[in-house]
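Undergrad: quick one, what's the 3D model for this:
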Amino acid sequence: MLNGKTIVVTGAGSGIGRTTSEVLAKAGAAVVVADIDEVGGAATATGIKAAGGEAVFRRCDVANEDDVEALIGFAVERYGKLDGGFNNAGIELYNKPVHELSGAEFRRVIDVDLVGVFYCVKHEFRAMMKTGGGSIVNTASSVSDRPLPVSTDYTSAKAGVVGLTKAAALDGGPLGIRVNAVCPGLILTPMTKDRLMNDPVFSQAVQGIRARHHIGRFGETIDIANAVSWLLSDLSSFVTGSEMMVDGGYSI
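TA: Next up is the predicted model:
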């Protein structure tokens, strides 16, 4: 489905990014695995190559525009073009009500989860314009539509990603560049299982969150990976500016 395409995936060192990188490679894409976590990112690329796929790791801090520009330049230099980008890197919320959040905490989440996506989209556009277009998918969240308590920082960032996606899709249409967002529900990633669910504030809300996933379970990383793979493929050629809810019914 993705034969011959070059795709950059950020936040690919674990969780959704790792599984999606693996799915993209199995579908025939050359994957540029990017993460600030050098050990995790390198392991993702090594695993893909061991399974017969094509991948290379490049360290990137998406909150640093120079890093993002260098990442996209590296992808183009190595593979000759850029066909797709999955802008997935992000950090979790601080689990504090709005009146307890510090300015530094709020800005940190915005810098990574929103500004980092902007940097990626900006430089992906510049690369794709040279070869006639491409497809971009940004990771937003179902909380952009239905927030949780103590999530002002995360909800603000992810709602911003949805707005960014729709506005960029307007810019991209005449250029042959499609821009969409996936909005996961609660996905069982290392971030969720190892950190959020061990947070005393978040853990108190888990049962209520589970009840809002009307399909009867939390999501797995493969659920998001399959949706992203479709959006990055030519099978979704008439889809742009969408916010695809992949959330087990959380947002209903």
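Undergrad: which residues of the protein score low on pLDDT?
TA: For the chain, the stretches flagged by pLDDT under 70 are 193-199, 201-205.
Undergrad: longest strand of it?
TA: The single longest strand within the chain, with elements called by DSSP state E, is strand 177-184.
Undergrad: next helix or strand past that strand?
TA: helix 190 (DSSP states H and E).
Undergrad: show me where the stretch 51-200 of the chain has its strands.
TA: 54-59, 84-87, 134-139, 177-184 (DSSP state E, counting those that start in this stretch).
Undergrad: related to what we said a few turns ago, which other helices and strands does the longest strand of the chain contact?
TA: helix 116-128, strand 134-139, helix 152-172, helix 221-232, strand 243-246 (3 or more Cβ pairs under 8 Å, 6 or more residues apart in numbering; DSSP states H and E). In short, each C-beta sits where N, CA and C put it, glycine included.
Undergrad: quick check: V161 touching V143?
TA: No - using Cβ atoms under 8 Å, V161 is not in contact with V143, being 11.0 Å away.
Undergrad: measure P149 to P97 for me?
TA: Distance, P149 to P97, using Cβ to Cβ, to the nearest Å: 7 Å.
Undergrad: returning to what we had before: and the strands of the stretch 51-200 of the chain, which is most packed in?
TA: Here the criterion is mean neighbour count by mean count of other Cβ atoms under 10 Å, and of the strands of the stretch 51-200 of the chain the winner is strand 84-87, at a mean of 29.
Undergrad: which ones are touching A159?
TA: A140, S144 (Cβ atoms under 8 Å, 6 or more residues apart in numbering).
Undergrad: could you number the chain from 50 rather than 1 from now on?
TA: OK, 50 is where the count begins now, so the last one is A208.
Undergrad: I'd like the next helix or strand past the helix or strand encompassing L73.
TA: Here L73, judged by DSSP H and E, is contained in helix 64-75. Downstream of helix 64-75, the first helix or strand assigned by DSSP H and E is strand 79-84.
Undergrad: whichever helix or strand comes after that next one: which residues count as buried?
TA: The first helix or strand that comes after strand 79-84 along the chain, using DSSP H and E, is helix 87-99. Neighbour-count burial for helix 87-99 flags G89, G90, A91, A92, T93, A94, G96, I97 (criterion: 16 or more other Cβ atoms under 10 Å).
Undergrad: can you put these in CSV and add distance to I264?
TA: Formatted as CSV, the buried residues of helix 87-99 follow (distance: Cβ to Cβ, whole Å):
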residue, distance to I264
G89, 29
G90, 31
A91, 35
A92, 31
T93, 28
A94, 32
G96, 29
I97, 29
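Undergrad: what's the closest of those to A138?
TA: Nearest to A138 among the buried residues of helix 87-99 is G90, at 10.5 Å by Cβ to Cβ.
Undergrad: list the residues that contact that closest one.
TA: A61, G62, V82, A83, D84, F106, R107, R108.
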